[in-house]
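In: Sequence and computational prediction follow.
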Amino acid sequence: MGGQKEEGQVDVPGEVKDKQEGVAPDVTEMVKADGVTVQGHSPEAMVAEELRQVDGEKQAEPMFFVEPADRFRVEVDILYGKDGRIQSVSSKNLGVDFSDLKTIKHAVEWFEFSIPGYDDVATYRQRSSIWNAQAGMLIVSRPQFRNFLLAWHLRDWSLRDRDGKKLPLSSNDSGRLDDASLKLVRSIQPPTLVDVVMTIFEKDALLSATTV
């Protein structure tokens, strides 16, 4: 009674309580999971405020269609030793701070892809399918599927030779990387670099973690 807690009564983390009984004001008291009570707006008001505070920029509409000029860039963090040997590859989106490294060097490299459309992906899946006798069905070979993505959609990168000169990539008239560029891509060391890049591209650009 009178706003006092009964014996044994406790606050529930995340519970929203009105300041006055029977009143639903816009500003409410919200209890965080750690027990600290803070003042804040209702969830609906918070969402509306967040939408208003995007630097005054016009809200973009969802992009449902691919344009020929559209590109998707994958950035990765590279850790390497003084001898240039690569020791670690990870997505730049992890936000790791490498500023305190002393014996290991850090670089950011990028790979730029065109974005496959529905027909492209359907064709790659069909041509990458292999018969799995144990399962009694066709399954998509992930390495082969990635080979199609690399050959037909890798457009540029930041990779350099040992003298620091950027290595260009070239495509033939059909849009596929030419033989010299494909040979260059297949010579990348360590192969894990290509695996990390393609995993990011499949997950973020194709919204697929398994490509099946």
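Out: Looks like it arrived, so ask away.
In: So what's the residue count around Thr192?
Out: 12 (other CB atoms under 10 Å). Glycine gets a C-beta too; all of them are placed from N, C-alpha and C.
In: Mind telling me what element it is part of?
Out: Element membership of Thr192, judged by DSSP states H and E, is helix 191-205.
In: Which residues does that helix contact?
Out: Applying CB atoms under 8 Å, 6 or more residues apart in numbering, the external contacts of helix 191-205 come out as 72, 74, 76, 78, 86, 89-91, 93, 111, 113, 115, 146, 149-150, 185, 188, 208-209, 211.
In: what about the strand or helix carrying Ala122, distance to the chain center?
Out: Assessed by DSSP H and E, Ala122 sits inside helix 118-128. Relative to its parent chain, helix 118-128 has a centroid offset of 22 Å by CA atoms, centre = their mean, to the nearest Å.
In: C-alpha coordinates for it, PDB please?
Out: Extracted in PDB, the C-alpha atoms of helix 118-128 (Å, rounded to 0.1, in the frame of the first residue of the first chain):
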ATOM      1  CA  TYR A 118      19.000 -14.700 -59.100                       C
ATOM      2  CA  ASP A 119      19.800 -16.400 -62.500                       C
ATOM      3  CA  ASP A 120      23.500 -16.200 -61.700                       C
ATOM      4  CA  VAL A 121      23.100 -17.900 -58.300                       C
ATOM      5  CA  ALA A 122      20.700 -20.500 -59.700                       C
ATOM      6  CA  THR A 123      23.200 -21.400 -62.500                       C
ATOM      7  CA  TYR A 124      26.100 -21.600 -60.100                       C
ATOM      8  CA  ARG A 125      24.200 -23.900 -57.800                       C
ATOM      9  CA  GLN A 126      23.100 -26.100 -60.600                       C
ATOM     10  CA  ARG A 127      26.600 -26.400 -62.100                       C
ATOM     11  CA  SER A 128      28.100 -26.900 -58.600                       C
END
